[in-house]
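Colleague: Need a 3D model of the following:
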Amino acid sequence: MPSTRLPNLNRVMIVGNLTRDPELRSTSTGIPVSNFRIAANRRFRDNSGEWREDVCYIGVVAWQKLAESCAAKLQKGSAVYVEGELRSRSLDAEAGQKRNVIEIRAHHIQFLDKAGEPDEDAVSFGDDQFGGDDEKNN
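Modeller: Predicted coordinates for the structure are as follows:
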């Protein structure tokens, strides 16, 4: 049986609200990076017919001009549409333990709170804007 070669696909789309203000910093080479978390809510009926709400918290990382735009225009509670790729990385946590983090590396962010034309507040950059392999998240 011939082996099936699957296409490489890693695309995430999510709408949520920022849980706190974005943090803007720069890598050691001066590339701007912004980190923030969003909360995405889901309402559903449980088996007894009662309405329930489930919240998913996910981290978002934006690079370059996208990072600067997020830091300038977003704040805690802002509604955003984020499109990007799912990434995982390891962090050194307290007491020397390793911690794995899964987050979205944003390629496109739509600011949903501001009135105006739908595409007026969209910020999007191609993969060539990210400075290689995201500078190893420095």
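Colleague: Outside of stretch 68-81 itself, list whatever touches it.
Modeller: Identification of contacts with stretch 68-81 by C-beta atoms under 8 Å, 6 or more residues apart in numbering yields 13-24, 32, 34, 36, 38, 62, 106, 108-114, 121, 123. Where you see a C-beta, it was placed from the backbone N, CA and C, and this is true even at glycine.
Colleague: Below-threshold pLDDT in this protein: ranges please.
Modeller: 1, 114-138 (pLDDT under 70).
Colleague: name the element the most centrally placed residue in it belongs to?
Modeller: By C-alpha atoms, centre = their mean, the chain has its centre lying nearest to residue 60, at 2.5 Å. Secondary structure from DSSP states H and E places residue 60 in strand 51-63.
Colleague: for residue 69, same thing?
Modeller: Per DSSP H and E: helix 64-73 holds residue 69.
Colleague: Which stretches in this protein count as strands?
Modeller: Here the chain has its strands, by DSSP state E, at 12-18, 23-26, 32-45, 51-63, 79-92, 98-111, 122-124.
Colleague: relative orientation of the fifth one and strand 51-63 in degrees?
Modeller: If I follow you right, that is strand 79-92. Relative orientation of strand 79-92 versus strand 51-63 (axes from the mean of the first three to the mean of the last three C-alpha atoms, to 10 degrees): 70 degrees.
Colleague: likewise the first one?
Modeller: Direction vectors for strand 12-18 and strand 51-63, defined by the same axes, to 10 degrees, enclose an angle of 100 degrees.
Colleague: would you put the C-alpha positions of strand 12-18 in CSV?
Modeller: Coordinates of each C-alpha in strand 12-18 appear next as CSV, following Å, rounded to 0.1, in the frame of the first residue of the first chain:
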residue,chain,number,x,y,z
VAL,A,12,-6.1,28.5,13.8
MET,A,13,-9.0,31.0,13.8
ILE,A,14,-10.5,32.2,17.1
VAL,A,15,-12.5,35.2,18.5
GLY,A,16,-12.1,36.3,22.1
ASN,A,17,-11.4,39.1,24.6
LEU,A,18,-8.1,40.0,26.0
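Colleague: circling back to that earlier point, out of the contacts of stretch 68-81, which end up buried?
Modeller: 16-18, 22, 24, 32, 34, 36, 38, 62, 106, 108-111, 121, 123 (16 or more other C-beta atoms under 10 Å).
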